[in-house]
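J.: Sequence unavailable; structure follows:
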């Protein structure tokens, strides 16, 4: 004799349910520093309706976010701020590198611009473009949701496998140089 469930009862694994909840309630932390920030704002506007994907609540407090979207170039002086915000976000957390500048430094191949944020914080999704269109960012959020559904677990096994797959990235300590060091550095570049 088979047990029949009522119509309003759904049976699922707890891990799958937790992953479904996580993927459908992403709270992005915008870290927009350049022109990609304009496209990030356009993505959050009513035309593209990011709420359909459960990611409309942009928060500016790292303790309330689980998705960091780095949009635009990151200079070396901003890197400690980026790392501090990343450390303050609670687990599980994800990162999207939006645009050529955040992913590779873009056209800014200089000593003062970070040549890819993935050297300093782990990145889950890369969005190419200069700047990328809102549709590309939405597609990366959909891809990230698929990744969360596949890999996320309630027991935290995803953190163990991620630690084995990705090398540990150390947070760098940037020295604060006295102005005399910057003056000599600028003179060697021909800037007075």
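T.: Great, that's in hand. What you see is a predicted model; the values in this text were computed from it and never measured.
J.: to the chain's geometric centre, what's the distance from the helix or strand encompassing residue 137?
T.: Using DSSP states H and E, residue 137 sits in helix 134-151. Between the centre of helix 134-151 and the centre of its chain there are 12 Å (C-alpha atoms, centre = their mean, to the nearest Å).
J.: which other helices and strands contact it?
T.: helix 14-23, helix 36-44, strand 94-98, strand 125-127 (3 or more C-beta pairs under 8 Å, 6 or more residues apart in numbering; DSSP states H and E). No exception for glycine: its C-beta is placed from N, CA and C like everyone else's.
J.: between the second one and helix 134-151, how big is the angle?
T.: By that I understand helix 36-44. Comparing the axes of helix 36-44 and helix 134-151 via axes from the mean of the first three to the mean of the last three C-alpha atoms, to 10 degrees yields an angle of 70 degrees.
J.: Now helix 36-44: buried residues?
T.: 36, 37, 39, 40, 43, 44 (16 or more other C-beta atoms under 10 Å).
J.: continuing past it, what's the next helix or strand?
T.: From helix 36-44 onward toward the C-terminus, using DSSP H and E, the following helix or strand is strand 67-71.
J.: Tell me which other helices or strands that next one touches.
T.: strand 28-32, helix 36-44, helix 79-88, strand 94-98.
J.: make it 6 Å
T.: strand 28-32, helix 36-44, strand 94-98 (3 or more C-beta pairs under 6 Å, 6 or more residues apart in numbering; DSSP states H and E).
J.: Go through those and name the closest to residue 141.
T.: strand 94-98 (7.4 Å; C-beta to C-beta).
J.: so after the closest one, what's the next helix or strand?
T.: Next along from strand 94-98, by DSSP H and E: helix 100-104.
J.: can you tell me the average pLDDT over that next one?
T.: For helix 100-104, the mean pLDDT works out to 92.
J.: What are the buried residues along it?
T.: For helix 100-104, the buried set under the neighbour-count rule, 16+ other C-beta under 10 Å, comprises 100, 101, 102, 103, 104.
J.: Over to stretch 52-69?
T.: So, applying 16+ other C-beta under 10 Å, buried residues of stretch 52-69: 53, 54, 55, 58, 62, 65, 66, 67, 68, 69.
J.: That stretch - what's its average pLDDT?
T.: Stretch 52-69 comes out at a mean pLDDT of 87.
J.: Span of it from start to end?
T.: 18 Å (C-alpha to C-alpha, to the nearest Å).
J.: got JSON lines for the buried residues of helix 100-104, with distance to residue 28 too?
T.: JSON lines is the format used below for these (distance: C-beta to C-beta, whole Å):
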{"residue": "100", "distance to residue 28": "20"}
{"residue": "101", "distance to residue 28": "18"}
{"residue": "102", "distance to residue 28": "14"}
{"residue": "103", "distance to residue 28": "17"}
{"residue": "104", "distance to residue 28": "22"}
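J.: Check whether residue 55 really touches residue 26, as I assumed.
T.: Yes. Counting by C-beta atoms under 6 Å, residue 26 is a contact partner of residue 55 at 4.2 Å.
J.: Alright, calling it a day.
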